[in-house]
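> Provided below for reference: sequence and predicted model.
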Amino acid sequence: MSNIHILSEPVHSGKSTLLMNWTKRQPDIAGVLMPDVNGSRKLYDIATQTYYDFQVAEKQEAGTIDICKWNFDEKIFELGRKLLLNAAKQKPEWLILDEVGKLEMNRHTGFEPAVTELVKLYRQETGNAKLLLVIRDYMLEQSFTHYGLNQEMVLPKTFFL
C-alpha cells in the first residue's frame, strides 16, 4: 500500500473545512490547509494552529503570484514549503498539503519544488508516515502523469468524516 494518498473533490466543495475538522481528531498530524476565513484565503499551519494572511487584495509588482481571480503572497508560499519540508523530517503520521493545482503542475511555482520532493520522499517511505495531497477533481488526471500518482491513492471523502 502506498504512503501517498489523495483527496480530490470539486472547487468549493468543503475540502479544507472537512480536513480542518478531521485534523482535530488526529494525534500526530502536520501540514498546511488553505481555508477561506471571512472571505480571504489563509495558510493554516496544522501543527501550530497558526493562520497566515495569504491572499492579497491586488496584484503587486513583485512578490505576488496570481492565479485566476486570486493573488497570493509569494512569501507565504515560501513559508508553506518550509513548513512542509520541515514537518516531513519529523515523520508525522499524516502530512497534509492543501492544495496542489495549476500553480504547481502548470507553472512549477506555488508549493513547488516542495511537492515533488515530498512525493519522492513518501514514495520511498517504509514506515507509517503518510502524505495527503488535496487535488481538485479537474486536475486529478494531470497529477497522475505529472507526479506519477494513480487512482488507487484517492481516498473517498467519507474517510475523513
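Thanks, I have it.
> Could you check how many residues crowd around residue 18?
Using other Cβ atoms under 10 Å as the criterion, residue 18 is surrounded by 19 other residues. Glycine gets a C-beta too; all of them are placed from N, C-alpha and C.
> Hmm, residue 158 and it touching each other?
No - between residue 18 and residue 158 there is no contact under Cβ atoms under 8 Å: 10.1 Å.
> Now do the shared contacts for the two.
Taking Cβ atoms under 8 Å, 6 or more residues apart in numbering as the criterion, residue 18 and residue 158 do not both touch any residue.
> Residue ranges in the protein under the pLDDT threshold?
Low-confidence segments of the chain, defined by pLDDT under 70, are located at 1, 58-62, 65-70.
> all strands for it, in order.
For the chain, applying DSSP state E gives strands covering 4-7, 29-33, 36-37, 40-45, 50-53, 64-67, 70-73, 94-100, 130-135.
> Residue 116: which of those strands is closest?
Using Cβ to Cβ as the measure, strand 94-100 is the one of these that comes nearest residue 116, at 10.2 Å.
> Longest helix of the protein, counting residues only.
Ranked by residue count under DSSP state H, the longest helix found in the chain is helix 74-90.
> So for that one, what gets flagged as buried?
For helix 74-90, the buried set under the neighbour-count rule, 16 or more other Cβ atoms under 10 Å, comprises 76, 77, 79, 80, 81, 83, 84, 87, 88.
> I'd like those residues as JSON lines, with distance to residue 57 appended.
Formatted as JSON lines, those follow (distance: Cβ to Cβ, whole Å):
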{"residue": "76", "distance to residue 57": "14"}
{"residue": "77", "distance to residue 57": "17"}
{"residue": "79", "distance to residue 57": "19"}
{"residue": "80", "distance to residue 57": "20"}
{"residue": "81", "distance to residue 57": "23"}
{"residue": "83", "distance to residue 57": "24"}
{"residue": "84", "distance to residue 57": "26"}
{"residue": "87", "distance to residue 57": "30"}
{"residue": "88", "distance to residue 57": "32"}
